[in-house]
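In: Pasting a predicted model and its sequence here:
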Amino acid sequence: MADIAAFVHLPLIGQASQAIYGTDYVLDAGIDWKAHVKQVGIRPAAQKVQADRNAYIEAQRAGQ
């Protein structure tokens, strides 16, 4: 469960801090979230999370 939570949240936090403050505080803290996302991303559960998220995003775009 923690892997999937990190799979979703670490990139969001890292990219948001990069956009707002100009530095990726997750990477600065020593957490290589890109490698983690890549490793977890090969799991079927993570692929389902990604597919569900993409489907939701597309449905929201279609409804606008």
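Out: Looks like it came in fine.

In: now for the helix or strand where residue 19 lies, which elements pack on it?
Out: Under DSSP states H and E, the secondary-structure element containing residue 19 is helix 2-21. Here helix 2-21 is seen to pack against helix 25-28, helix 33-40, helix 44-62 when contacts are counted using 3 or more C-beta pairs under 8 Å, 6 or more residues apart in numbering; DSSP states H and E. C-betas here are computed from N, CA, C, even on glycine.

In: need these in a markdown table with mean pLDDT, distance to residue 5 and mean neighbour count, can you?
Out: Formatted as a markdown table, the entries for the helices and strands packed on helix 2-21 read as follows, by pLDDT from 0 to 100; distance: least, C-beta to C-beta, whole Å; neighbours: other C-beta atoms under 10 Å:
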| stretch | mean pLDDT | distance to residue 5 | mean neighbour count |
| --- | --- | --- | --- |
| helix 25-28 | 96 | 14 | 16 |
| helix 33-40 | 91 | 10 | 15 |
| helix 44-62 | 92 | 10 | 11 |
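
In: Tell me the spacing between residue 57 and residue 50.
Out: In this structure, residue 57 and residue 50 are 11 Å apart, going by C-beta to C-beta, to the nearest Å.
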